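K.L.:
Following is a predicted model, sequence given first.
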Amino acid sequence: MNDIHILARTIYGEARGEYYRLDGGLASLIAIGNVVKNRLKQKTWYGSSISEVCQKPYQFSCWNPNDPNLRLITTTITDPLFDQCMVVAQMILEDRWPDLTKGCDHYHATTLDSLPAWTLKTKPVLKIGRHMFYTLSKRGK
């Protein structure tokens, strides 16, 4: 699989449930892709390609070994929404859409039982659907 397919699968695995929400929609899909692209732009330990950033262990939960989404995103996806995720991935990689997250490099679902430890020293930049977005790269600067 190439970067477009990996990014589309990441978007699908992380945000497909947001697409049909009034407070989510297409913006939810784009925002997940924006976070991946923002991490790539940082040229840090996240990875040097879209695929590396998406599949970095324990960074995007849909790629975690015990996550139920892993089986879904690593097989043939017949859901028509995946076609939309492919379009979103392509457009993001071609820089044809703005960064809706304003540079964010982290997010979490608002449905988590407890907040990730990294949220304790930062404030969210925005909320799209059931995801809170953060910019951790600017902490302490």
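P.N.:
Perfect, I can see it now. Model, not experiment: these values are computed from the prediction. Residues are numbered from 1 along each chain as shown.
K.L.:
And for Q59, the neighbour number?
P.N.:
Q59: 18 surrounding residues under other Cβ atoms under 10 Å. In this view, the C-beta of every residue, glycine as well, is placed from N, C-alpha and C.
K.L.:
Sketch out the helices for this protein, chain order is fine.
P.N.:
Ranges of helices in the chain, per DSSP state H, are 3-15, 26-41, 50-55, 68-73, 80-93.
K.L.:
Next, the buried residues of stretch 98-113.
P.N.:
Of the residues in stretch 98-113, 99-101, 104-108 count as buried by neighbour count, 16 or more other Cβ atoms under 10 Å.
K.L.:
would you turn the helices of the chain into a markdown table with mean pLDDT?
P.N.:
Converted to a markdown table, the helices of the chain look like this (pLDDT from 0 to 100):
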| stretch | mean pLDDT |
| --- | --- |
| helix 3-15 | 98 |
| helix 26-41 | 97 |
| helix 50-55 | 97 |
| helix 68-73 | 95 |
| helix 80-93 | 97 |
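K.L.:
Which among those is found nearest to S137?
P.N.:
Checking the helices of the chain against S137 by Cβ to Cβ gives helix 26-41 as the closest, at 8.0 Å.
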